[in-house]
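Undergrad: Below is the sequence, then the predicted model.
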Amino acid sequence: MNIGFVGLGAMGQVISHRLIAEGYQLTVWNRSRDKAEALIREGARWADSPADVARESDIVFSMVTDGSASRSVICGRGGLLEGAHQRLTIVDAASIDPEISIEIAEQARSKGVAMLDAPVSGGPKVAAEGRLGIMVGGPKEAFQTCEPILKKLGSMVLYVGDSGKGTTLKLIANLVMGVAIQATAESLVLATKAGIDPQLVVDITSLPGTGPQTGAMTTRGPRMINHHFVPAHFSANNMLKDLTGALKLGEKYGVSLPAVSVAREMLRAVKAQDNGEIDSSAVVTVLEVMANIPVRAFSKAS
């Protein structure tokens with residue numbers, strides 16, 4: 001089976017390397033070819049457009065930044081649907097608005113192409129180990145066709161339902177992470193003001209089996225303490241986008257999400273400081289200013 005991959009950001013590159021390692025013939029495209037060079041050396045084929053990727057592939061993964069980018073590479077000029085053929089399935093792994101997923105899926109269906117929305121949970125390290133969480137919406141038959149490949153990439157592959165359900169679940173999952181990151185930042189700033197070493201907060205709330213244990217504290221707490229906000233992790237801009245999407249879901253279904261609203265506004269403050277591209281754990285810097293903690297320099301580089 002020939003696989004295509006469109007969008008070679010940090011996650012796209014790692015997943016593409018894993019697909020090659022699993023023995024799949026891979027055809028790739030990215031706006032800048034330099035991000036594909038390592039994959040080409042491993043045996044991937046380069047295509048000059050997403051449409052050319054589609055022509056060469058049975059299944060094409062798309063993993064770009066937002067809904068507008070997904071529309072462009074799938075439905076736009078030179079997009080995947082221009083290369084549509086009878087056996088093609090598109091798997092859009094972008095974390096986007098569910099309504100956009102549904103819209104794109106309808107356009108694909110009009111071309112006789114099945115599309116799955118299949119956003120992932122987990123960063124590059126998790127992806128390299130094949131331990132992603134993958135949430136899938138779309139036609140059940142298309143999911144069953146793609147499931148063996150998805151299981152090479154994720155330790156948990158969940159079929160959620162119709163088109164848009166995968167992206168809906170992703171927004172709900174990131175709601176939990178966004179609020180947990182905000183709570184982590186608040187606890188560390190409070191400890192600092194109270195004269196307690198914030199590392200002790202990380203230690204006690206990372207103890208397995210205890211009530212306060214959270215992944216956000218374990219992974220983001222040390223970044224906050226060290227002011228190390230590497231852009232390769234989940235950015236403030238991306239978390240802001242997803243929490244905004246979660247609030248739209250709340251409006252749609254009549255559910256109040258007050259904690260999400262607060263977490264979203266703190267991320268908006270990070271973006272307003274021109275730091276939207278760094279890790280979302282940078283919300284701690286906003287709280288430190290509010291608490292009159294002396295401003296410290298922080299790292300944006302790995």
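TA: All right, it came through fine.
Undergrad: now the helices for the stretch 51-200 of the chain?
TA: Secondary structure of the stretch 51-200 of the chain (DSSP state H, counting those that start in this stretch): helices at 67-75, 98-110, 124-128, 140-153, 165-193, 198-205.
Undergrad: want to try JSON lines for the ones you listed, with mean pLDDT, mean neighbour count and distance to Gln213 as columns?
TA: All C-beta spots, glycine's among them, are computed from the backbone N, C-alpha and C. Shown next, in JSON lines, are the helices of the stretch 51-200 of the chain (pLDDT from 0 to 100; neighbours: other Cβ atoms under 10 Å; distance: least, Cβ to Cβ, whole Å):
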{"stretch": "helix 67-75", "mean pLDDT": "96", "mean neighbour count": "20", "distance to Gln213": "34"}
{"stretch": "helix 98-110", "mean pLDDT": "97", "mean neighbour count": "19", "distance to Gln213": "30"}
{"stretch": "helix 124-128", "mean pLDDT": "92", "mean neighbour count": "16", "distance to Gln213": "18"}
{"stretch": "helix 140-153", "mean pLDDT": "98", "mean neighbour count": "16", "distance to Gln213": "27"}
{"stretch": "helix 165-193", "mean pLDDT": "97", "mean neighbour count": "21", "distance to Gln213": "11"}
{"stretch": "helix 198-205", "mean pLDDT": "94", "mean neighbour count": "16", "distance to Gln213": "6"}
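Undergrad: Output the ones you listed as TSV; include the columns distance to Leu287.
TA: Listed next are the helices of the stretch 51-200 of the chain as TSV, based on distance: least, Cβ to Cβ, whole Å:
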stretch	distance to Leu287
helix 67-75	30
helix 98-110	31
helix 124-128	27
helix 140-153	36
helix 165-193	5
helix 198-205	12
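Undergrad: Could you say which one of these comes nearest to Met1?
TA: Closest approach to Met1 among the helices of the stretch 51-200 of the chain (Cβ to Cβ): helix 140-153, 7.7 Å.
Undergrad: Ends of stretch 50-66, what's the gap?
TA: Taking Cα to Cα, to the nearest Å, stretch 50-66 runs 16 Å from one end to the other.
Undergrad: buried set for that stretch?
TA: Within stretch 50-66, the residues that qualify as buried are 50-66, counting by 16 or more other Cβ atoms under 10 Å.
Undergrad: And the strands in this structure, which stretches?
TA: 2-6, 25-29, 45-46, 59-62, 89-92, 114-117, 120-121, 132-137, 154-161 (DSSP state E).
Undergrad: count of residues packed around the nearest residue to Val126 once chain neighbours are set aside?
TA: Excluding its sequence neighbours, the residue lying closest to Val126 (Cβ to Cβ, 6 or more residues apart in numbering) is Leu132, at 5.8 Å. Number of residues near Leu132 (other Cβ atoms under 10 Å) recorded here: 26.
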